[in-house]
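Asker: here is my input, please return the structure:
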Amino acid sequence: MGSDTTALLREAIVQVASRPDDHRRGVTLDLSALTYCDNAGLFTLLGICQALDAIGIRVAIPWTGVIADAAIERAVLQDRLPLHSA
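Answerer: Okay, the predicted model is just below:
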């Protein structure tokens, strides 16, 4: 996940956010299969999580994997991303 691939994630999130309120229970993201993850992608993900939270959509990232874990630690985002179960 890099700055060039987060556009797909943003598009998917916009579709989720535009659903009627009764479908806004939450979004669960699985980052365990990532083969690349840079700071730009992580900070874009953080912004997406914060924007969804602001409109009442809960985000959970229960699965990360080795690549995502290393990138999250390098960017010092362990306490800012919703790294927990849904």
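
Asker: how about the strands in the protein?
Answerer: Using DSSP state E, the strands of the chain run over residues 27-30, 59-63.

Asker: how many neighbouring residues does the residue nearest to residue 53 when sequence neighbours are not counted have?
Answerer: Once flanking residues are discounted, residue 53 sits nearest to residue 59: 6.7 Å by Cβ to Cβ, 6 or more residues apart in numbering. No exception for glycine: its C-beta is placed from N, CA and C like everyone else's. Other residues near residue 59 number 21, with proximity taken as other Cβ atoms under 10 Å.

Asker: where does residue 59 land on pLDDT?
Answerer: Note on residue 59: pLDDT of 89.

Asker: and what of residue 78?
Answerer: pLDDT at residue 78 comes out at 94.

Asker: what's near enough to touch the closest residue to it other than its chain neighbours?
Answerer: Excluding the flanking residues, the one nearest residue 78 by Cβ to Cβ, 6+ apart is residue 72, at 5.9 Å. Counting by Cβ atoms under 8 Å, 6 or more residues apart in numbering, residue 72 touches 37, 42, 64, 78, 81, 83.

Asker: between these, which is closest to residue 49?
Answerer: Nearest to residue 49 among the contacts of residue 72, counting by Cβ to Cβ, is residue 81 at 6.4 Å.

Asker: just checking, that closest one touches residue 48?
Answerer: No - between residue 81 and residue 48 there is no contact under Cβ atoms under 8 Å: 10.3 Å.

Asker: quick one: residues contacting the residue nearest to residue 53.
Answerer: Per Cβ under 8 Å, 6+ apart, neighbours of residue 59: 26, 27, 28, 29, 48, 49, 52, 53, 82.

Asker: I am finished for the moment; much appreciated.
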